[in-house]
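Participant: here's my sequence, what's the structure:
(chains A, B and C)
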Amino acid sequence: MTIDPILEINHLTYARGERVIFEDISLKVTRGQIIGVMGPSGTGKTTLLRLIAGLLRPQTGSVKVNGAEVTQMSSRELYIMRKDMSMLFQSGALFTGLNVYDNVAFPLREHTRLPENIIRDIVLMKLQAVGLRGAAYLQPRELSGGMNRRVALARSIALDPAIILYDEPFTGQDPMTMGVLINLIKLLNHALGMTSIIVSHDVQETASIADYIYLLSGGHIVGEGTPDELFNSTVPQVKQFMQGLPDGPVPFHYPAGDYQQALLAENV
Amino acid sequence: MLNRRMIEVTVGFLMLLGIVSFVVLAFQVSGLRTVYSSEKGYQVTAYFDNIGGLKTKARVTVAGVSVGKVMSIQLDPKTYQAKVVLFLDSDLVVPDDSAASILTAGLLGDNYISLEPGAEETSLKNGDIIQETHSAMILERLIGQFLFNKDK
Amino acid sequence: MNAIQSLGRATLNWLETFGYSTLFLFASMFGRPRFKNVWTLLSTQFYSVGVLSLVIILCSGFFVGMVLGLQGYTTLTKFGASQAIGQLVALSLVRELGPVVGALLFAGRAGSALTAEIALMKTTEQLDSLRMLGVDPLRRVIAPRLWAGFIILPILVLIFNAVAIFGGYLVAVEWLNVDAGAFWGNMQASVDFSDDIVNGIIKSIVFGLLVTWIAVFQGYTAVPTAEGIGFATTRTVVYSSLVILGADFVLTAVMFGGV
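Facilitator: This next block holds a predicted model:
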């Protein structure tokens, strides 16, 4: 018996103007997994998340969430799909005019007709899950970066989505906050039966919780497998990325002319 | 910090200022008057040979005091005279042999109508026709007359 | 040949942007309203766009009126026509200065603030967040601001005119000893309600729509970086100013040119 993948991407190609961001990408995600999508900066990992969420439309290819084709959806259908899918943005993206409580309550007030006292219970529970119940009435600007992200996480799980997309959750965090986030992502995934897709270039952190990883570079998937498989891989691109080698298929030197000639040149 | 109440109070204040400004502009600045409402005045008609530059809404005065406005100007097809309908304040009482003249305000000003009270005891009523009218002074005619007289 | 090509390309780009911005305008203002707290959103915008602009409008109005009174008087006395100062001040303000200066000030203060706010929301991914949470940012964020600007500018211009005329009155009558009766009397005789005041209001409604449209559009299409926000804000002020002056010419020709 085959388990239907919750997310399936086939032959996806996306270009912005004349720049091809990626070509012919295919991947599968099963329910309950934590998937890592990693690669060097600028390879379009965030763009991939936006394509999955339907925020962008690809040139060719298909993105199927729970069997439904995202690329063909009307805004009504996207609205319904997004009740079950959350995205945690790189900057947290809390609404600056609202306090923490109102931010987390936002999706509940939008999508449900629950009375305020039930919403209150849910908001406090979600904040408790991320450890910030005490900060419920602070303004976003009074929070540190890590706390910001945790509140955004609480907001993302407010409606108990089936899929949650993380855009560079570990970037720029101190080790303790990173530890907290890693724990939370893993805990929430298992406790709430969610599927998580993490886009990141933090190798160690992602590898520590991901069940399966796709490596994206130069617009193609250059490697995939479990974290162990990738660490032991001998494919040069995979090896360079996973072990953080400064030089390899992605070169250290930006293309330039001959060094000796440049130094000896009379004119600048 | 902004709270609901302060926002609503200040927005209300802004709207109030706006309304007050509008009222000031309408009445104090443009002299909009309730003379426009038809209950509060009466109409009389006057025929002129030449109205010069008289326009509708021009003032009607008695002794220089504004007492009404010109409501409409039309050409009478039978007599080829200008039929001017005046709208006068309801509390204006003038004898019904009063004369209407078209004068100019200042040197380069607009034309207006001046009523000179006559001597009758009965007064003008709604729908009356003013018998004695003096047309506007046309500059070209004046010059022509002057030249003509000079030649004589 | 290259110059013509780039001109052609620039024109096509401009048309495309203009078309996009028109669709943007209609989608924001006339889509199905689905949000619940219309009044809360709208009144918050009235506050940030209107109330916060009040101080600059009052101060500027006052000074403009006073300067008009002063300058007008100096010139009119040369023709022995100082009695006409009332109508000079009132007509200049009501027909032209009120709507135009008011709109320029509005573009500088409220327009740039709107652009910066929206561009910042775009840069910090709040607009995308809204989409992910199933809310259309055009209806939730942009529309209230459009309606607020459209309604508030005429009100601000009315206030500007009233304050300015008062300033003119202070200078002419209290300071320069023009007769108060002549001041108001001549003014009332020359300012026509429907030709001057109403036309002035129509101008300010048109300007309000144009300035706010430009402001929110620049914010919405800003490059989502820190410097992108700065560029967008500058563009708002520059484009708004040009559009105001251009539209003013067209409107004046239509409204007053026939006179």
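
Participant: what's the longest helix in chain A?
Facilitator: For chain A, the longest helix by residue count, based on DSSP state H, is helix A:175-191.

Participant: and the following helix or strand past that one, which strands flank it?
Facilitator: Note on helix A:175-191: by DSSP states H and E, the next helix or strand toward the C-terminus is strand A:195-200. Sheet pairing of strand A:195-200 (DSSP bridges) gives strand A:34-38 (parallel), strand A:163-167 (parallel).

Participant: packing partners of the helix or strand just after the first one?
Facilitator: If you walk from strand A:34-38 toward the C-terminus, the next helix or strand you reach (DSSP H and E) is helix A:45-52. Secondary-structure packing of helix A:45-52 (3 or more Cβ pairs under 8 Å, 6 or more residues apart in numbering or on different chains; DSSP states H and E): strand A:7-16, strand A:19-29, strand A:34-38, strand A:60-65, strand A:163-167, strand A:195-200. Using the backbone N, CA and C atoms, a C-beta is placed for each residue, glycine as well.

Participant: quick one: buried residues of the longest helix of chain A?
Facilitator: Neighbour counts over helix A:175-191 (16 or more other Cβ atoms under 10 Å in any protein chain shown) mark A:177-178, A:180-182, A:184-185, A:188-189 as buried.

Participant: just the CA trace of that helix, in PDB.
Facilitator: Only the C-alpha atoms of helix A:175-191 are listed here, as PDB (Å, rounded to 0.1, in the frame of the first residue of the first chain):
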ATOM      1  CA  PRO A 175      22.700  29.200  20.000                       C
ATOM      2  CA  MET A 176      20.200  29.100  22.800                       C
ATOM      3  CA  THR A 177      17.300  30.400  20.700                       C
ATOM      4  CA  MET A 178      18.300  28.000  18.000                       C
ATOM      5  CA  GLY A 179      18.100  25.200  20.400                       C
ATOM      6  CA  VAL A 180      14.700  26.300  21.500                       C
ATOM      7  CA  LEU A 181      13.500  26.600  17.900                       C
ATOM      8  CA  ILE A 182      14.800  23.200  16.900                       C
ATOM      9  CA  ASN A 183      13.100  21.600  19.800                       C
ATOM     10  CA  LEU A 184       9.800  23.400  19.200                       C
ATOM     11  CA  ILE A 185       9.800  22.500  15.500                       C
ATOM     12  CA  LYS A 186      10.400  18.800  16.300                       C
ATOM     13  CA  LEU A 187       7.900  18.800  19.200                       C
ATOM     14  CA  LEU A 188       5.100  20.500  17.300                       C
ATOM     15  CA  ASN A 189       5.600  18.300  14.300                       C
ATOM     16  CA  HIS A 190       5.200  15.100  16.300                       C
ATOM     17  CA  ALA A 191       2.600  16.400  18.900                       C
END
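
Participant: pLDDT on that helix, on average?
Facilitator: Averaging pLDDT along helix A:175-191 yields 86.

Participant: quick one: it to chain centroid distance?
Facilitator: 14 Å (Cα atoms, centre = their mean, to the nearest Å).

Participant: what of stretch C:236-247?
Facilitator: 9 Å.

Participant: what are the buried residues along that stretch?
Facilitator: C:236-237, C:239-241, C:243-244, C:247.

Participant: what does stretch A:119-138 give?
Facilitator: A:119, A:122-123, A:126-127, A:129-130, A:132-133, A:135-136.

Participant: that's all I had, so thanks and see you.
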